[in-house]
Every structure is written in C-alpha cells, then in structure tokens.
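[1] show me how the following folds:
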Amino acid sequence: MSPPPAILALDQGTTSSRAIVFDHAGAVRAVAQREFSQIFPQTGWVEHDPVEIWQTQLATAREALDRAGLKAGDLAAIGITNQRETTVVWDRKTGAPVHNAIVWQDRRTASFCDDLKRAGHADLVQRKAGWSLTPISRAASCAGCSTMCPAPATARGAGNSPSAPWTPGFCGT
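    Below you'll find the model as predicted:
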C-alpha cells in the first residue's frame, strides 16, 4: 500500500535551494538544502548561474523525497517559491540560459530607472507592469525592519564563496 499523499515545497532562495516534504497532516517529513555560487562580476552586480540553480533545486527535491521514503508519484502537489525579481533569459529553441541570472540585489539598472523617473515614466511603468522604478537591493532597508543591510559585494567579502557568512546586521528577511 502506498503512503498517503504528501506535498513537496521547493524554495529557490537567494543563496540556496531547499526542498521540504510535508505529510498529509502538514508535518515535516524531510528537508534538504544546497547552497549555490554567488557571482559578483563588478561592484553592485549580482548574478547566479541558472544551470547551477536548477541542478541544486532538482538535487534537493530528490534528496528530500528519498529521505522521506517517497517517490514523485506519492506527491499530491508541489509548491514553489522563488527569488521574485531575479531574471533569467532562456533561448527559446534550446532551453539553455542566454546569460547568468540577474539577481534581485543587482544595481546595474539603477541609473536607467532614475532616467525613466526623471522623464516622467514612473506612473506608466507602475500602471503597465505593476512595478515601481526602484531597483531592489540589500543596501536598502529590509522589509519589515529598519536595519540597513550590507551590500552583497561587501557582505560576502572578496570572492564568490557561497558559504561565507553575511556580515552582522543582515536581518534575514
């Protein structure tokens, strides 16, 4: 007899991919997590390798299911949460990413957004796209708190180590 249906939650976060299996009663059956590389091509730019994101997310899903003693067919549903504003462009014919993902923390479009605001296009963009013309960054105050968070390049220090801790003051939201 097969186990009661379970739910697999996939959380593709800013620094890692996670998977959690919940049983039919909502109890956690298994958890898996894998960090992935943070790429800082220059000051204020933050990128991720889309293939690495996919590989870590797939690996955590398989690991969580294995730890729970389940197969994909045992799932009633899969829930997905992601980085929201992180952007990946894919080649339509091959399905391969065209470039690294541009992460929500990235500031490369800040001056362009400022130019659009000065030209009076902020309301149009808000109306058509539902977005404000403000690049999102950890340098801004975190949602739900007044802590000023460090910029990504300084928070990780030199290099792209995904295991380097954030500097004190990062609130985790």
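
[2] need the contact partners of the longest helix along the chain.
    With DSSP state H applied, the helix covering the greatest number of residues in the chain is identified as helix 50-68. Helix 50-68 has contacts (C-beta atoms under 8 Å, 6 or more residues apart in numbering) with 6, 8, 10, 12, 16-21, 29-37, 71-72, 74-75, 88, 90, 97, 100-101. Every C-beta, even on glycine, is put in place using the N, C-alpha and C of the backbone.

[3] may I have it as CSV, with CA atoms only?
    As requested, the backbone C-alpha atoms of helix 50-68 are provided in CSV (Å, rounded to 0.1, in the frame of the first residue of the first chain):
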residue,chain,number,x,y,z
PRO,A,50,20.8,29.4,-13.8
VAL,A,51,22.0,25.8,-14.6
GLU,A,52,23.5,25.6,-11.0
ILE,A,53,20.2,26.9,-9.6
TRP,A,54,18.3,24.2,-11.5
GLN,A,55,20.8,21.4,-10.5
THR,A,56,20.7,22.3,-6.8
GLN,A,57,16.9,22.6,-6.8
LEU,A,58,16.5,19.2,-8.5
ALA,A,59,19.0,17.6,-6.2
THR,A,60,17.3,18.9,-3.1
ALA,A,61,13.9,17.7,-4.3
ARG,A,62,15.3,14.2,-5.0
GLU,A,63,17.1,14.2,-1.6
ALA,A,64,14.1,15.3,0.4
LEU,A,65,11.9,12.7,-1.3
ASP,A,66,14.5,10.0,-0.7
ARG,A,67,14.8,11.0,3.0
ALA,A,68,11.0,10.8,3.3
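
[4] residue 8: how many residues sit nearby?
    Residue 8 sits with 24 neighbouring residues when counted by other C-beta atoms under 10 Å.

[5] now the one 5 residues further on
    Close neighbours of residue 13, defined as other C-beta under 10 Å, add up to 16.

[6] residues in contact with it?
    Contacts for residue 13 (C-beta under 8 Å, 6+ apart) come out as residue 83.
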